[in-house]
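> Have a look; sequence and predicted model below, questions after that.
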Amino acid sequence: MVDTVLLAQATSLVFGTILAAPLLASVSTKTRHWGFMAMMFGTLSALVVHVALSLWLFAGASVFWFIMSVRGWLNTREIPPVS
């Protein structure tokens, strides 16, 4: 049986680093938008791990990076032009 914390660690690694890094390094705004979404999911997974292991300082860092990824996501979204 797979432990929840182990699954959250693997999810954090895949979405927060392996998937998000190349997407965020892209020139395309749409690709970076998806990278910030992957980063949000990865940091939420890391937050689950940090809270489960009572690593409160790291939990604060995860919250910070989640807020920064939301900020990036909002800055890269396509806003329809006003007619």
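Now that the structure is in, tell me what you want to look at.
> Could you check the host helix or strand of residue 49 and say which residues are buried?
Assigning secondary structure by DSSP states H and E places residue 49 in helix 29-52. The neighbour-count criterion (16 or more other Cβ atoms under 10 Å) identifies 32-50 as the buried residues of helix 29-52. Where you see a C-beta, it was placed from the backbone N, CA and C, and this is true even at glycine.
> so where's this protein shaky on pLDDT?
Along the chain, the parts satisfying pLDDT under 70 run over 1.
> rewinding a little: from the contact counts, what lies against the helix holding residue 49?
Here helix 29-52 is seen to pack against helix 4-13, helix 20-24, helix 56-76 when contacts are counted using 3 or more Cβ pairs under 8 Å, 6 or more residues apart in numbering; DSSP states H and E.
> gap between stretch 33-41 and the chain center?
Between the centre of stretch 33-41 and the centre of its host chain there is 5 Å, according to Cα atoms, centre = their mean, to the nearest Å.
> Skipping its backbone neighbours, what lies nearest residue 48 in space?
Taking Cβ to Cβ, 6 or more residues apart in numbering, and ignoring the residues beside it in sequence, residue 48 has residue 8 as its nearest neighbour in space, at 4.4 Å.
> Am I right that that neighbour is in contact with residue 45?
Yes - A contact is recorded between residue 8 and residue 45 when judged using Cβ atoms under 8 Å, the distance being 4.8 Å.
> Start and end of stretch 14-22, how far apart?
The straight-line separation of the ends of stretch 14-22 (Cα to Cα, to the nearest Å) is 12 Å.
> Over to stretch 11-27?
From its first residue to its last, stretch 11-27 covers 25 Å (Cα to Cα).
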